[in-house]
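Peer 1: No letters, just coordinates:
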């Protein structure tokens, strides 16, 4: 369902999200014409794991779950709340989605299509270039956290099994 959010509210909100916080209000205003505002009801799926990565999202209001399928079950990962951006890897590589996103409660998202974003990059839009940089920073941050978590799991496994060194 498409809903309406004023341009001013959209700009004000985006200025408070990590992905957009380093952009000036006029830069964000230059992006608002490519943003679709969509409302989801509880239980509705925004996209499924394996879907084509055709857009990325900013959660304006509500809460969504990130769900990862395994052979045994679907596993709910950390829920995302207002201000979270997700699906941005699709802007970079267009590969299939790595997880499913499902609304937990009534949620409104800002959707930016990969095609529209690429057109702005081709036009040498400064705001789009700045967002691309922010995506890279955010992905690097996530990679570091993943490495830290993996290291903790390895240490826990070593302690649990009395292993002092993992040999490959």
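Peer 2: Now that the structure is in, tell me what you want to look at. The model shown is predicted, which means the values in this text are computed figures rather than measured ones.
Peer 1: same for the helix or strand where residue 56 lies, what does it pack against?
Peer 2: Assigned by DSSP states H and E, residue 56 falls within strand 55-61. With contacts defined as 3 or more CB pairs under 8 Å, 6 or more residues apart in numbering; DSSP states H and E, strand 55-61 has these neighbours: helix 7-15, strand 85-86, helix 89-93, strand 107-113, helix 114-122. Where C-beta positions appear, they are placed from N, C-alpha and C, glycine not excepted.
Peer 1: strand partners of the helix or strand following it, parallel vs antiparallel please.
Peer 2: Per DSSP H and E, strand 55-61 leads on to strand 63-69 as the next helix or strand towards the C-terminus. Each strand that strand 63-69 pairs with, and the sense of that pairing, follows from DSSP bridges: strand 74-76 (antiparallel), strand 80-81 (antiparallel), strand 100-103 (antiparallel).
Peer 1: among these, which is the most enclosed?
Peer 2: strand 100-103 (a mean of 22; mean count of other CB atoms under 10 Å).
Peer 1: now what about that strand, what contacts it?
Peer 2: Applying CB atoms under 8 Å, 6 or more residues apart in numbering, the contact partners of strand 100-103 are 40-49, 57, 62-69, 74, 80, 86-87.
Peer 1: how far out from the middle of the chain is the strand holding residue 56?
Peer 2: Between the mean C-alpha point of strand 55-61 and the mean C-alpha point of its chain there is a distance of 7 Å (CA atoms, centre = their mean, to the nearest Å).
Peer 1: Can you select the buried ones among the contacts of strand 100-103 for me in ChimeraX?
Peer 2: Of these, the buried ones go into a single ChimeraX selection, burial set by 16 or more other CB atoms under 10 Å:
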select :40,46,47,49,57,62,63,64,65,66,67,80,86,87
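Peer 1: For the chain, name the helix or strand with the lowest mean pLDDT.
Peer 2: The element with the least model confidence among the helices and strands of the chain, by mean pLDDT, DSSP states H and E, is helix 89-93, at a mean of 82.
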